[in-house]
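*Asks:* dropping a prediction and its sequence here:
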Amino acid sequence: MPQAFSPLIAGRALWGLLVLNIAEAAIFDALKGNLMNAVAGFLICMAILPRAKDGGVLAKRHGYHLLAVDLPWAWILPYTVWHLCFM
């Protein structure tokens, strides 16, 4: 029986949604005239794209699928600072 849930596809979909979310916010910033924040958002998008090929790590516990992606602190910190500036 073929596997119905692929961790690689699910992980890539999660990465794609994250990049689309950041890109949408960066475009919104550019339209508002906050060009430095928009550039920072696009740089964060470009920094995460090479990691998207890894997909995600899948574990099954108690009948539920758990999807986890490995983000380095060197990416999480700039994203958090950018997100706080966006708000």
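*Replies:* Sure, I can see it.

*Asks:* element containing the residue nearest to the spatial centre of the chain, please.
*Replies:* Geometric centre of the chain, nearest residue: Leu18, 3.1 Å, by C-alpha atoms, centre = their mean. Per DSSP states H and E: Leu18 is located in helix 7-32.

*Asks:* before we move on, back to that, the residue nearest to the centre of the chain - nearest residue in space that isn't next to it in sequence?
*Replies:* Of all residues not flanking Leu18 in the chain, Ile48 sits nearest, at 6.7 Å (C-beta to C-beta, 6 or more residues apart in numbering). From N, CA and C alone the C-beta is placed, and that goes for glycine too.

*Asks:* confidence-wise, which helix or strand of this structure is lowest on average?
*Replies:* strand 57-61 (a mean of 63; mean pLDDT, DSSP states H and E).

*Asks:* residue ranges in the protein under the pLDDT threshold?
*Replies:* Low-confidence segments of the chain (pLDDT under 70): 1-7, 50-60, 65-69, 86-87.

*Asks:* repeat the analysis, applying 80 as the threshold.
*Replies:* 1-15, 48-72, 74, 85-87 (pLDDT under 80).

*Asks:* residues making contact with the host helix or strand of His83?
*Replies:* For His83, the host element (DSSP H and E) is helix 73-86. Helix 73-86 has contacts (C-beta atoms under 8 Å, 6 or more residues apart in numbering) with 22, 25, 29, 37, 40-41, 44, 47-48, 51.

*Asks:* so which of those residues wins on neighbours?
*Replies:* Counting neighbours by other C-beta atoms under 10 Å, Gly41 leads the contacts of helix 73-86 with 26 neighbours.
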